[in-house]
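**Q** quick one: sequence plus predicted model below, questions after.
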Amino acid sequence: MALVIDPAGNEVRALARVMHWRGKHVLELGCGGGRLTLRLAKLGAARIEARDPDQKLIETALMSLPHRYAHRIAYHAGRAEHLEYPANTFDLVVFSWAL
């Protein structure tokens, strides 16, 4: 049996209500297999840097990355404690469902 998460789309509607995503450069921490990452792209985020400490989950995310989002989403394995981005690189940071 397949696990279906949020089939009613409540998560996406809530994200759309709290923030204007279109054109934003987003850092997503704890991206796992990329489920939320793809939803952020569908909301219009221009560029998403998605990080997770689990290399296997990053590989899963890369394998399921639709070609139409490949130029907008970059998946990286790594811990949030060791970010090496210059200040003001991102418009928004998302840390969700990661604990």
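**A** Nice, thanks for sending it over.

**Q** nearest spatial neighbour of the spatially most central residue of the chain, skipping sequence neighbours?
**A** By Cα atoms, centre = their mean, the chain has its centre lying nearest to T37, at 2.6 Å. Excluding the flanking residues, the one nearest T37 by Cβ to Cβ, 6 or more residues apart in numbering is A50, at 4.6 Å. Where C-beta positions appear, they are placed from N, C-alpha and C, glycine not excepted.

**Q** that neighbour should be in a helix, yeah?
**A** No - using DSSP: H, G, I helix; E, B strand; the rest coil, the secondary structure at A50 is strand, not a helix.

**Q** number of nearby residues for the residue nearest to R47 when sequence neighbours are not counted?
**A** Nearest residue to R47 in three dimensions, chain neighbours excluded: H25, at 4.7 Å (Cβ to Cβ, 6+ apart). Close neighbours of H25, defined as other Cβ atoms under 10 Å, add up to 15.

**Q** H25 against G44, yeah?
**A** No - between H25 and G44 there is no contact under Cβ atoms under 8 Å: 11.9 Å.

**Q** circling back to that earlier point, doesn't the residue nearest to the centre of the chain fall inside a strand?
**A** No - per three-state DSSP, T37 lies outside any strand segment and is helix.

**Q** for it, give me the pLDDT.
**A** We have a pLDDT of 96 for T37.

**Q** in contact with the nearest residue to A80 once chain neighbours are set aside, which residues?
**A** Spatial nearest neighbour of A80, chain neighbours left out: L29 (4.7 Å); criterion: Cβ to Cβ, 6+ apart. By Cβ atoms under 8 Å, 6 or more residues apart in numbering, L29 lies in contact with 51-52, 80, 93-95, 98.
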